[in-house]
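Asks: Just to be clear, the model below is a prediction. Sequence and coordinates:
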Amino acid sequence: MAKTDAKDAKAQLKAAKQAEKARKKSSTDPADMGRVRQIIRAYQLTHEHDKQLPLLMLGAFLLPIVLGLVISLFWPHPIYLTFLGVMVGLLLAMMMLARRAKRATYKRYAGQAGSAEVALQMLPKQWVSAPAIAANRHMDAVHRTLGPGGLVLIGEGEPGRLKPLLASEVRKHERVAYGVKVTTIVMGDKPGQVPLDKLTDHIRKLPKTLQPAQITDIKMRLRALDAVRPQLPVPKGPMPTSPRQAKGSRQAMRGR
């Protein structure tokens, strides 16, 4: 009896492992992918918006190999230089893919409501971000990030409607930040605003004003502030831009 139970348990465990393996194989979540599959997926998504990507990556790969062969004419170590060129070429090709993938991501989400979240996701791990902590029925939103450069609120939407929404959030955060300055940024392409593709670098370049212990302390206070907020029916990530999808998103924000 005990042997039968053990055999059944082993079979269930094996079936669960196979099911999990099958789920990860069909998943589109990068966390479920291996490194090679992540690279392939990044290439596929980037190539959709960047048709020059194959030629650029090929050029980045071949350039150090060609340089190595040229140098071998004067320094007779062609095998060593070719191997070194291949390694450097692979590195340059991956760097090219990462750079173009970032640019393609911004291009893909440019103009969509909620696209600031894309830039916040590209910040280093020292930054803790919370998208859409406040919003209105027009889909104007305020996002937040906290890191070495301080406590930052990012406004996204029509400037006239956004101004009182952003000012209200500044007051709320100043009450719990205890003397820590709240920096505000308005994302957009107009004068005085920060474009989506420059938002990540703009935040990273802010003067470092907070130590890790201070960040942890403020993060705990922000949790208390968020705990008393009404739950906003705002979908995570950039909003759809087609008329039918956008109408559905606006109705969701009104609670319909």
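Replies: Good, I have the coordinates.
Asks: from here on, contacts and neighbour counts on C-alpha atoms
Replies: Will do.
Asks: Figure out the helix or strand that Val142 lives in.
Replies: Using DSSP states H and E, Val142 maps to strand 141-147.
Asks: Does that strand pack against any helices or strands, and if so which?
Replies: helix 116-121, strand 128-135, strand 150-156, helix 159-177, helix 212-227 (3 or more Cα pairs under 8 Å, 6 or more residues apart in numbering; DSSP states H and E).
Asks: residues in contact with it?
Replies: Identification of contacts with strand 141-147 by Cα atoms under 8 Å, 6 or more residues apart in numbering yields 114, 116-117, 120, 126-135, 151-157, 162, 165-166, 169, 210, 215, 219.
Asks: try 6 Å this time
Replies: Outside strand 141-147, the residues within contact range by Cα atoms under 6 Å, 6 or more residues apart in numbering are 126-135, 152-156.
Asks: Those, buried ones only, as a ChimeraX selection?
Replies: Selecting only the buried entries of the contacts of strand 141-147 in ChimeraX, with 16 or more other Cα atoms under 10 Å as the criterion:
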select :127,128,129,131,132,133,134,135,152,153,154,155,156
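Asks: Closest one of the contacts of strand 141-147 to Ala227?
Replies: Ile133 (11.1 Å; Cα to Cα).
Asks: so who does the closest one touch?
Replies: Contact partners of Ile133, counting by Cα under 6 Å, 6+ apart, are Val142, His143.
Asks: Next one: it relative to Tyr80, how far apart?
Replies: 55 Å (Cα to Cα, to the nearest Å).
Asks: Equivalent analysis for Pro207, please.
Replies: 45 Å.
Asks: Over to Lys181?
Replies: To Tyr80, Lys181 is 55 Å away according to Cα to Cα.
Asks: looking at the helices and strands packed on strand 141-147, which is buried most?
Replies: Highest mean neighbour count among the helices and strands packed on strand 141-147 (mean count of other Cα atoms under 10 Å): strand 150-156, with a mean of 24.
Asks: quick one on the thing from earlier: which two among the contacts of strand 141-147 are spaced furthest apart?
Replies: Gln126 and Ala135 (25.4 Å).
Asks: and Gly89, how many neighbours?
Replies: Burial of Gly89 is recorded as 22 neighbouring residues (other Cα atoms under 10 Å).
Asks: that's a helix at it, yeah?
Replies: Yes. Under DSSP: H, G, I helix; E, B strand; the rest coil, Gly89 sits within a helix.
Asks: The nearest residue to it once chain neighbours are set aside: what secondary structure?
Replies: Once flanking residues are discounted, Gly89 sits nearest to Phe61: 3.8 Å by Cα to Cα, 6 or more residues apart in numbering. Following three-state DSSP, the label given to Phe61 is helix.
Asks: which residues does Phe61 contact?
Replies: By Cα under 6 Å, 6+ apart, the residues touching Phe61 are Gly89, Leu90, Ala93.
Asks: change it to 10 Å
Replies: Contact partners of Phe61, counting by Cα atoms under 10 Å, 6 or more residues apart in numbering, are Leu55, Gly85, Val86, Met87, Val88, Gly89, Leu90, Leu91, Leu92, Ala93, Met94, Met96.
Asks: neighbours of the last one, just the number please.
Replies: Close neighbours of Met96, defined as other Cα under 10 Å, add up to 19.
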